[in-house]
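Peer 1: Predicted structure and sequence below. I'll ask about it afterward.
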Amino acid sequence: MGMLEALAQYGFLQNALAAILLGSIACGIVGTLVVVNRLSSLAGGVAHACFGGLGLAFLVGAPPTAGALLFGLASSLGIGAASSRWRESADSAIAAIWAGGMAMGLVFIQLAPGYAPDLMSYLFGSILAVPRGDLVLFAAVDALVLVFVVVTYRSLVAVSFDPEFARTRGLKTDMVFLAFLCLVGITIVLLMRAVGLLLVIALLTIPPSTARLFVRRLPAMMLLSCALTAAEGVAGLAAAWSLDIPAGASIILVAGVVYLLSAGLRALATARARIR
Amino acid sequence: MSIPAASFEGVWFGYPGGVPALTDITLQVPEGDFLAVIGPNGGGKTTLLKLLLGLVRPSRGRVEVFGRPPGESGHSIGYVPQITTFRTDFPVSALDVVMMGTLGRGRHLWPHGAADRAAAHAKLERMGIADLAALPVGKLSGGQRQRVFVARALASEPRLLLLDEPAASVDPGTQESFFDLLREINSACTIVLVTHDVGSISGVVRTIACLNGRLVSHGDELPAEAFGEAYSCGIDLLSHGAPHRVLGRHAEDGDGHA
């Protein structure tokens, strides 16, 4: 059965498509800021720390998303406090939280009564199992991201480009940093539904890295990142459907191929311009 | 006497666990001055600027900018940092960077508007690089970038302009016109620049201070002995030809536009 027919027939596929399109808004915007601030490893640390939250949720019988959100926010703030200044290296704090979160998750899950829950769906995503009600969550996070970025845009761009200068203009750069990190944590937990904890860092960074090859300004990079994430998400979902492969992995692979092709084309164009 | 643009009173400063970077600095910068702080690398020049900006606090003594503590008077300061650590891959245009100077005075929120854009354009025009407004900053030459950063500082509408090693990235061919621009800015704004490159400041500044952890000299002429003392070596090792003559010429020029 083709993707389009299936889409008309299956509600779960419609939900998956809607989740991808909605998720790409938050992902493209937050991902752009993560990339230009070189916070990929921080985002990776937060994503892996969320595993600890999942474990805790299973142990106490709370909703998994709530547990992940708790650990996502706590680890964001923890790393932020450890780095204390915008973008200052927090390498070891990130590593500790990264591995510590995973370890806690494993211990909690072992202690949890009954069968171990289906970990694969959290580690690698389960976009085809997103319930219709969760789409409201996706829309809410989009709204939060949009409002935050538009309202704080002037501070956000200044502090990303040159935090010391921003401080001399009286900006509380640490506050902006911590608020932004919370946004990163929330976005990661949301995207965890689509591509899983282990792959979320790729979805957050690959489309913006591709976009940066083609645009010169931050707002354009955000828009193009959103569009790329959406297109790659849909293409990845279609590929997953027709080839019967995991959707999260498929989306990431499509994004990776697009990045490699783009970077190759870019390098080719630069080389040709040089020859002329 | 009118309130000085900047004043240091018995200021000491040391980074935690280190030897004092600044020792007992007392210095007044009158409004309208064009002060060059020279001295060797590690002599505390950048720290002096950071004290004025309120980025660091003195361990002893008092720093004031227009009679107020640096943190409170930050909005009247324009800052041109050293741009050696600048990231060329950041997706911003020259105009975007200049608009960042409008941050402050309670304007920390919302995207930039038409008024910000027009103000930023005017600053780029003043620096003679309005044609570069739309270009990515990473694609500009060192000298062009330096002008963008001065324009950003001017977008803060400063009464005091601080420049950290402004000549470091300006190519020698355009250095003269760059310093002419600074002299023009100085007609409405106090300027303090720090540099280890004594040759580059010849002729434009009004006052020179010599800093090597402590203030070796301050005035409109620089005694040769102070020079040697600041750099802890003989003058002839500085290889700027005849420093005394260079600085002497500064004094004449200084009179010319005082």
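Peer 2: Yep, it's here.

Peer 1: from here on, contacts and neighbour counts on C-alpha atoms
Peer 2: Will do.

Peer 1: which helices and strands sit right next to the host helix or strand of A:Ala18?
Peer 2: Using DSSP states H and E, A:Ala18 sits in helix A:11-36. On a contact count with 3 or more Cα pairs under 8 Å, 6 or more residues apart in numbering or on different chains; DSSP states H and E, helix A:11-36 meets helix A:3-9, helix A:134-151, helix A:173-195, helix A:200-212, helix A:218-243.

Peer 1: hey, least reliable of the ones you listed by pLDDT?
Peer 2: When those are compared by mean pLDDT, helix A:3-9 comes last with a mean of 82.

Peer 1: Identify the residues contacting it?
Peer 2: A:Leu13, A:Gln14, A:Ala238, A:Trp241, A:Ser242 (Cα atoms under 8 Å, 6 or more residues apart in numbering or on different chains).

Peer 1: what about A:Ala269, how many neighbours?
Peer 2: A:Ala269 has 12 neighbouring residues, counting by other Cα atoms under 10 Å in any protein chain shown.

Peer 1: how close does it sit to A:Leu224?
Peer 2: 20 Å (Cα to Cα, to the nearest Å).

Peer 1: Apart from its neighbours in sequence, what residue is nearest B:Pro30?
Peer 2: B:Pro4 (4.4 Å; Cα to Cα, 6 or more residues apart in numbering or on different chains).

Peer 1: again with B:Gly14
Peer 2: B:Gly14 sits nearest to B:Pro20 (Cα to Cα, 6+ apart), 3.9 Å away.

Peer 1: quick one: is the helix or strand that the helix holding A:Ala18 is followed by near chain B?
Peer 2: Next along the chain after helix A:11-36, taking DSSP H and E as the criterion, comes helix A:40-60. No. Helix A:40-60 lies out of reach of chain B by Cα under 8 Å from any Cα of the partner chain, never closer than 15.2 Å.

Peer 1: A:Arg216 sits in which helix or strand?
Peer 2: Using DSSP H and E, A:Arg216 falls within no helix or strand.

Peer 1: Is it in contact with B:Ala134, as I believe?
Peer 2: No. A:Arg216 is beyond contact range of B:Ala134, at 9.1 Å (criterion: Cα atoms under 8 Å).

Peer 1: Mutual contacts of those two, please.
Peer 2: Jointly contacting A:Arg216 and B:Ala134 under the rule Cα under 8 Å, 6+ apart are B:Ser93.

Peer 1: So between those two, which is more surrounded?
Peer 2: Neighbours around A:Arg216 and B:Ala134, counted as other Cα under 10 Å, are more numerous at A:Arg216. The numbers are 20 against 14.

Peer 1: out of everything not next to it in sequence, what's closest to the more buried one?
Peer 2: B:Pro91 (4.9 Å).

Peer 1: What of A:Ala90?
Peer 2: Here the nearest residue to A:Ala90 in space, its sequence neighbours aside, is A:Ser83; by Cα to Cα, 6+ apart that works out to 4.9 Å.

Peer 1: ok, so what distance separates the one you found from A:Met102?
Peer 2: For A:Ser83 relative to A:Met102 (Cα to Cα), the value is 21 Å.

Peer 1: do the same with A:Leu137
Peer 2: Taken as Cα to Cα, the span from A:Leu137 to A:Met102 is 25 Å.

Peer 1: Comparing the two, which shows the higher neighbour count?
Peer 2: Of the pair A:Leu137 and A:Met102, A:Met102 is the one with more neighbours under other Cα under 10 Å, namely 21 against 15.

Peer 1: On the three-state scheme, the more buried one is what?
Peer 2: helix (DSSP: H, G, I helix; E, B strand; the rest coil).

Peer 1: what about A:Leu198, how many neighbours?
Peer 2: A:Leu198 has 17 neighbouring residues, counting by other Cα under 10 Å.

Peer 1: That one and A:Phe124 touch, don't they?
Peer 2: Yes. Contact criterion Cα under 8 Å: A:Leu198 and A:Phe124 qualify, at 6.2 Å.

Peer 1: got any residues that touch both of those two?
Peer 2: By Cα under 8 Å, 6+ apart, no residue touches both A:Leu198 and A:Phe124.

Peer 1: Report the central residue of the chain.
Peer 2: Unless you meant another one, I'm taking chain A. A:Leu204 (3.9 Å; Cα atoms, centre = their mean).

Peer 1: Correction: the question concerned chain B.
Peer 2: Note on chain B: the residue nearest the mean C-alpha position is B:Leu163, at 1.8 Å, using Cα atoms, centre = their mean.

Peer 1: doesn't B:Val80 make contact with it?
Peer 2: Yes. Between B:Leu163 and B:Val80 there is a contact under Cα under 8 Å: 4.7 Å.

Peer 1: which of the helices and strands packed on helix A:11-36 sits most buried?
Peer 2: Ranked by mean neighbour count, those are led by helix A:200-212 with a mean of 25 (mean count of other Cα atoms under 10 Å in any protein chain shown).
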